[in-house]
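Chemist: sequence? don't have it. structure:
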């Protein structure tokens, strides 16, 4: 189900003229990270602390072209 939604997001973003996408995911959410990586998202070196929970987040990007 998640991979299907991500495929739709990719298609919609391409149709709108986007070349790349980014997202932030909680660092210990391994299930979500696995889904994103299988869908072509790449983990970057950037991280930050969530303001409300203080949990570490990691930035992921996906090139659409």
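Modeler: It's in. Being a predicted model, the structure only gives us computed values, none of them experimental.
Chemist: going forward, measure contacts and count neighbours with C-alpha atoms only.
Modeler: OK.
Chemist: strands along this protein, start to end?
Modeler: Along the chain, the segments classed as strands by DSSP state E run 20-26, 42-49, 56-63.
Chemist: distance to residue 5, mean pLDDT and mean neighbour count for those - can I get that in TSV?
Modeler: Below are the strands of the chain laid out as TSV (distance: least, CA to CA, whole Å; pLDDT from 0 to 100; neighbours: other CA atoms under 10 Å):
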stretch	distance to residue 5	mean pLDDT	mean neighbour count
strand 20-26	14	97	15
strand 42-49	17	98	13
strand 56-63	15	98	17
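Chemist: which one of those strands lies nearest to residue 32?
Modeler: strand 20-26 (7.7 Å; CA to CA).
Chemist: other SSEs contacting the closest one?
Modeler: Contact analysis of strand 20-26 by 3 or more CA pairs under 8 Å, 6 or more residues apart in numbering; DSSP states H and E lists strand 56-63 as its packing neighbours.
Chemist: a markdown table for the strands of the chain, including distance to residue 36?
Modeler: Formatted as a markdown table, the strands of the chain follow (distance: least, CA to CA, whole Å):
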| stretch | distance to residue 36 |
| --- | --- |
| strand 20-26 | 10 |
| strand 42-49 | 8 |
| strand 56-63 | 8 |
